[in-house]
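In: predicted structure and sequence below. I'll ask about it afterward.
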Amino acid sequence: MLKQRSYFRAALLGVLLLSAQQLIAKTEQSFDPAPRDESGRFDNTAGELERGSRGVQLAFFLRRFATIFRSADGAPERMANNGNLLRENNTTPTITWIGHATLLVQMDGVNFLTDPIWSNTPSPIPFIGPSRWVEPGVELADLPAIDFVVISHNHYDHLDLPTLRELAQLNTETEFFVPMGNADLLQKNGISRVREMNWGDSINVKGTMVHCLPTQHWSKRSLNDTRKSLWSSWAITGPQKRFYFAGDTGYFDGFKDIGDKFGPFDLAAVPVGAYEPRAMMKATHMNPEEAVQSALDVRATTAVAMHYGTFDLSDEPLSEPPLRFKAAAEKTSLGSWVLAIGETRSF
């Protein structure tokens, strides 16, 4: 009788453990792969996005040629950071703003970079591209050993081949995670440790999970490759900390799904710049108020502003995005960080 009871208890415990595992899996269930249109090109969940009339676009690009006359007043401050504390840090979760959408994150025993760009001009033709207003916050050679890099999409200010090549040379163990359709570009440039991921894919790096997640944007690096490669956001979830990188995106309902399935997050990095003119930018770039809402949607405790002030990419004043971001966040329960370039903060 005692043996039967022991067997019953063991069987019941096994059922409970299996149910718990299934519950955890359901909590972090994957998203469907990214949709494609009839031609096989990647698409957004909302379908084709509005990016303004040809007249709006032409006027915008003509204004871009005049940026050489634009003042740097209002650009972010830069804080000296020689990387010493970053290289010595093995325990404290930190984030360092390198500039634009480039962040160095240290958490749960891993060091990783988001959309790293150290180049001065993100353009296929450097001498006519947007200039960098502020130097990177940390020199490449001063970084700690990087375990992995996540890339949101292939636009030149987010996928910077000169920087990626140098990172691969600095540490041959660094892994590069890219959305579908981008691996070939890196491999042709001598970067071999590349993994393509679709929305819903996950990979374990030293006990920390890297999740490729939806976003609302597009891709293009040449005249005929529009939407041939995918775009994404990323969640990095460790035993102690959870971090969300929104990449480059317009506001969309997918943030709520991400929050439901992967939240809450200790920290979310959200883009707050490149939103004017709205007729052209609204579908693919959030304004500061939308950025605050996106962080609330993903259930972040704190949001850090990025993707503004480093390069002259759009029409809004350089100083406007962080001010509007802070003002919008103050009306909510969200913690809001506006870092100096080069500043490190623990979370």
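Out: Structure received.
In: give me the three-state assignment for residue 235.
Out: When classified by DSSP: H, G, I helix; E, B strand; the rest coil, residue 235 comes out as strand.
In: just checking, it touches residue 247?
Out: No: if you go by Cβ atoms under 8 Å, residue 235 and residue 247 don't touch, sitting 11.2 Å apart. Quick note: C-beta positions are derived from backbone N, CA and C, even for glycine.
In: higher neighbour count, these two?
Out: residue 247 (27 against 24; other Cβ atoms under 10 Å).
In: list the contacts of the closest residue to the more buried one other than its chain neighbours.
Out: Ranked by Cβ to Cβ, 6 or more residues apart in numbering and with sequence neighbours excluded, the top spatial neighbour of residue 247 is residue 152, at 2.9 Å. By Cβ atoms under 8 Å, 6 or more residues apart in numbering, residue 152 lies in contact with 101, 114-115, 158, 179, 215, 217, 231-234, 245, 247-248.
In: can you lay out these as JSON lines showing secondary structure and distance to residue 336?
Out: Below are these laid out as JSON lines (DSSP: H, G, I helix; E, B strand; the rest coil; distance: Cβ to Cβ, whole Å):
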{"residue": "101", "secondary structure": "coil", "distance to residue 336": "17"}
{"residue": "114", "secondary structure": "strand", "distance to residue 336": "18"}
{"residue": "115", "secondary structure": "coil", "distance to residue 336": "21"}
{"residue": "158", "secondary structure": "coil", "distance to residue 336": "23"}
{"residue": "179", "secondary structure": "strand", "distance to residue 336": "28"}
{"residue": "215", "secondary structure": "coil", "distance to residue 336": "21"}
{"residue": "217", "secondary structure": "coil", "distance to residue 336": "23"}
{"residue": "231", "secondary structure": "coil", "distance to residue 336": "25"}
{"residue": "232", "secondary structure": "coil", "distance to residue 336": "24"}
{"residue": "233", "secondary structure": "strand", "distance to residue 336": "19"}
{"residue": "234", "secondary structure": "strand", "distance to residue 336": "21"}
{"residue": "245", "secondary structure": "strand", "distance to residue 336": "16"}
{"residue": "247", "secondary structure": "coil", "distance to residue 336": "19"}
{"residue": "248", "secondary structure": "coil", "distance to residue 336": "19"}
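In: pick the one among those residues closest to residue 44.
Out: Set against residue 44, the nearest of the contacts of residue 152 by Cβ to Cβ is residue 217 (7.6 Å).
In: so who does the closest one touch?
Out: 44, 152, 153, 231, 247, 248, 249, 250, 284.
In: out of those residues, what pair is the most spread apart?
Out: Farthest apart among the contacts of residue 217 by Cβ to Cβ are 44 and 152. That separation is 13.9 Å.
In: which one of the contacts of residue 152 is nearest residue 122?
Out: Nearest to residue 122, judged by Cβ to Cβ, of the contacts of residue 152 is residue 158 at 8.0 Å.
In: can you give me the helices for the stretch 151-300 of the chain?
Out: In the stretch 151-300 of the chain, the segments counted as helices under DSSP state H, counting those that start in this stretch are 161-170, 183-187, 254-262, 278-281, 288-297.
In: and the shortest one, how far out from the chain's middle?
Out: Just to be clear, that refers to helix 278-281. Helix 278-281 sits 21 Å away from the centroid of its parent chain (Cα atoms, centre = their mean, to the nearest Å).
In: buried residues in that helix?
Out: Judged by neighbour count using 16 or more other Cβ atoms under 10 Å, the buried positions of helix 278-281 are 280, 281.
In: related to what we said a few turns ago, relative to residue 274, which of the contacts of residue 152 is nearest.
Out: Residue 274 lies nearest to residue 248 out of the contacts of residue 152, by Cβ to Cβ, at 7.9 Å.
In: which residues sit in contact with that closest one?
Out: By Cβ under 8 Å, 6+ apart, residue 248 lies in contact with 101, 115, 152-153, 155, 158, 215, 217, 231, 271, 274, 284-285, 307.
In: ok, now with 7 Å
Out: Neighbour list for residue 248: 101, 152, 153, 155, 158, 217, 271, 307 [criterion: Cβ atoms under 7 Å, 6 or more residues apart in numbering].
In: what do you get for residue 241?
Out: Shown in contact with residue 241 (Cβ under 7 Å, 6+ apart): 93, 107, 108, 266.
In: residues near the third one, how many?
Out: Burial of residue 108, expressed as a neighbour count using other Cβ under 10 Å, amounts to 20.
In: can you list the weak-confidence ranges in the protein?
Out: 1-29, 66-69 (pLDDT under 70).
In: would you map the strands across it?
Out: For the chain, the strands defined by DSSP state E cover 94-99, 102-107, 110-114, 148-150, 175-179, 194-197, 202-205, 208-213, 233-237, 242-245, 265-271, 300-306, 335-337, 344-346.
In: select only the buried ones of the contacts of residue 152 in PyMOL?
Out: Selection of buried members from the contacts of residue 152 for PyMOL, criterion 16+ other Cβ under 10 Å:
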select buried, resi 101+114+115+158+179+215+217+231+232+233+234+245+247+248
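In: from residue 102, how far out is the nearest residue to residue 286 once chain neighbours are set aside?
Out: For residue 286, ignoring the flanking residues on the chain, the nearest one in space by Cβ to Cβ, 6+ apart is residue 251 at 5.0 Å. If you measure residue 251 against residue 102 using Cβ to Cβ, to the nearest Å, the figure is 22 Å.
In: between these two, which one's more packed in?
Out: The neighbour count for residue 251 versus residue 102, taken as other Cβ under 10 Å, is higher for residue 102 (26 against 20).
In: good, wrapping up.
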